[in-house]
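S.K.: What shape does this take:
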Amino acid sequence: MEETRPGLGQRLRNNWLELLLLLIFVAAIAWIATTARGVYKAVAVVPTETPTTTPTAPPRAEQPGTVAATPQPQRDTFDGQLAARIATDLVDAGPRVVGSDGHLAAVGQMIGQLRQSAWGLQQQSFTVEDLQHTNIIARSGNGDIIVVAAHYDTAPVSDLDPDEANRLTPSPGANDGASGPAILLELARSLDKDALNGQVWLAFLDGKYTPASVDGSVQEADSGASALAQALPDNVKAVILVDLAGDADQRFTILPNGDPQVAADLWAVAEQLGYARWFVPETSAAPDSSVQLFADLGLPTSAIVDSDYSYLRTTGDTPDKLSSGSLERVGRVLEVYLEKQGQ
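M.R.: The predicted model follows:
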């Protein structure tokens, strides 16, 4: 007897579960394909790039009928606000009296920033009265050398403070010991190394001051300047000292014991930049002891130093006394002067 095959309807009723699962599977495949295509459009179409310049605000939309200008690459120049921030960080590390935690922290901070700016580094160690001191020297370029130097240590006491109760307190050293190094560190970031025809050395000097004496007085030792001067090679064509450079009431005059040509070149750059109001082409009344150390060795030396600073060696020498505009003027003069040597 021949077996009767079930009809289509009977087969559908007998296999309804398998058909339902098949439909669900097909729907799932279609959904996954559609979603994956959307994800690809959202992620893969716009490539991710590593930025090579500092991010800037997006350009404004052009008006109809105008032609968008081709963006021109610009190199960063000296930024006074960044220098002011560096000076504040140095002060925040604590008084930079040799042997103190603040001194050690400042050394680490300066070395770290110089490494980020890709300068060659050398530490010059020397001992004064059984205390280890450290000069930090950053180098870039080849050939004859221009040295720009600033001390980073602070007075161990505020012996010139108008309040006698504060005179045994270490000075914060915002202008006297932080402004100069801050300018040098910002120069390390902003200088165009390709424009230098020769070497630039940025020297961070220790030992401007001796530890406080028993009677609480402060002695200027200039031991870091002396150690550097004794170690310089014969091919140094200029030494420029930077000190007390960030005061809001800024005024620089030419030191009588400095090299006239180095000073004339610096002050000419200042005039070119429109800074003649602050870089006054007059001779100061008093010589500078650090300049004299280099001059005695026959090294052409000048200084950018404002000796008329009312908060010198007081507890009031704090970052709020600094001006980013003052720091920027000094930094721009040095930047143009150092890069001009390669033109």
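
S.K.: can you pull the buried residues of stretch 113-129?
M.R.: Buried residues in stretch 113-129, counted by 16 or more other Cβ atoms under 10 Å: Gln113, Leu114, Ser117, Trp119, Gln124, Phe126, Val128. In short, each C-beta sits where N, CA and C put it, glycine included.

S.K.: Can you say which two of the residues you listed are spatially most distant?
M.R.: The most widely separated members of the buried residues of stretch 113-129 are Ser117 and Val128, with 29.2 Å between them, by Cβ to Cβ.

S.K.: Mind giving me the packing neighbours of the helix or strand harbouring Lys237?
M.R.: Per DSSP states H and E: Lys237 is located in strand 236-243. Secondary structure elements in contact with strand 236-243, counted by 3 or more Cβ pairs under 8 Å, 6 or more residues apart in numbering; DSSP states H and E, are strand 145-151, helix 179-190, helix 260-272, helix 289-295, strand 301-305, helix 324-340.

S.K.: mind listing what's buried in whatever helix or strand comes next after it?
M.R.: Sequence-wise, the next helix or strand downstream of strand 236-243 (DSSP H and E) is strand 252-254. Of all the residues in strand 252-254, those buried under the rule 16+ other Cβ under 10 Å are Phe252, Thr253, Ile254.

S.K.: Over to stretch 151-164?
M.R.: His151, Tyr152, Asp153, Thr154, Ala155, Pro156, Val157, Ser158, Asp159, Leu160, Asp161.

S.K.: So which residues of the protein form helices?
M.R.: Under the criterion DSSP state H, the chain carries helices at the ranges 8-14, 16-43, 80-92, 101-116, 179-190, 223-231, 260-272, 289-295, 324-340.

S.K.: so what does the last one touch, helix or strand wise?
M.R.: Translated: helix 324-340. Against helix 324-340 (3+ Cβ pairs under 8 Å, 6+ apart) you get helix 80-92, strand 145-151, helix 179-190, strand 236-243, helix 260-272, strand 301-305.

S.K.: With distance to Val200 added, can I get these in TSV?
M.R.: Written out in TSV, the entries for the helices and strands packed on helix 324-340 read as follows (distance: least, Cβ to Cβ, whole Å):
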stretch	distance to Val200
helix 80-92	17
strand 145-151	5
helix 179-190	8
strand 236-243	10
helix 260-272	14
strand 301-305	15
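
S.K.: Just put the ones you listed in CSV and tack on distance to Asp320 and mean pLDDT.
M.R.: As requested, the helices and strands packed on helix 324-340 are exported to CSV (distance: least, Cβ to Cβ, whole Å; pLDDT from 0 to 100):
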stretch, distance to Asp320, mean pLDDT
helix 80-92, 9, 97
strand 145-151, 21, 98
helix 179-190, 13, 97
strand 236-243, 19, 97
helix 260-272, 26, 97
strand 301-305, 21, 97
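
S.K.: Nearest to Ala165, out of these?
M.R.: Taking Cβ to Cβ as the measure, the helices and strands packed on helix 324-340 were each checked against Ala165, and helix 80-92 came out nearest at 21.1 Å.

S.K.: how much does that closest one deviate in direction from helix 324-340?
M.R.: Taking axes from the mean of the first three to the mean of the last three Cα atoms, to 10 degrees, one finds that helix 80-92 is oriented at 110 degrees with respect to helix 324-340.

S.K.: Enumerate the positions of helix 80-92 that are buried.
M.R.: When burial is assessed from 16+ other Cβ under 10 Å, helix 80-92 yields the following buried residues: Gly80, Leu82, Ala83, Ala84, Ile86, Ala87, Thr88, Asp89, Leu90, Val91.

S.K.: Now the two most distant members of the residues you listed.
M.R.: Pairwise distances across those (Cβ to Cβ) peak at 16.4 Å, for the pair Gly80 and Val91.

S.K.: Low-confidence ranges, the chain, go.
M.R.: Judged against pLDDT under 70, the low-scoring parts of the chain cover residues 1-23, 25-75, 212-217, 341-343.

S.K.: Provide the strand pairings for the strand ranked longest in it, with the direction of each partner.
M.R.: With DSSP state E setting the assignment, residue counts place strand 131-141 as the longest strand in the chain. Strand partners for strand 131-141, identified by DSSP bridges, are recorded as strand 120-128 (antiparallel), strand 199-205 (antiparallel).

S.K.: and the closest residue in space to Pro233 that isn't next to it in sequence, how many neighbours?
M.R.: Distances taken as Cβ to Cβ, 6 or more residues apart in numbering put Ile145 closest to Pro233, at 7.0 Å, once the chain neighbours are dropped. Residues contacting Ile145 under the criterion other Cβ atoms under 10 Å number 19.
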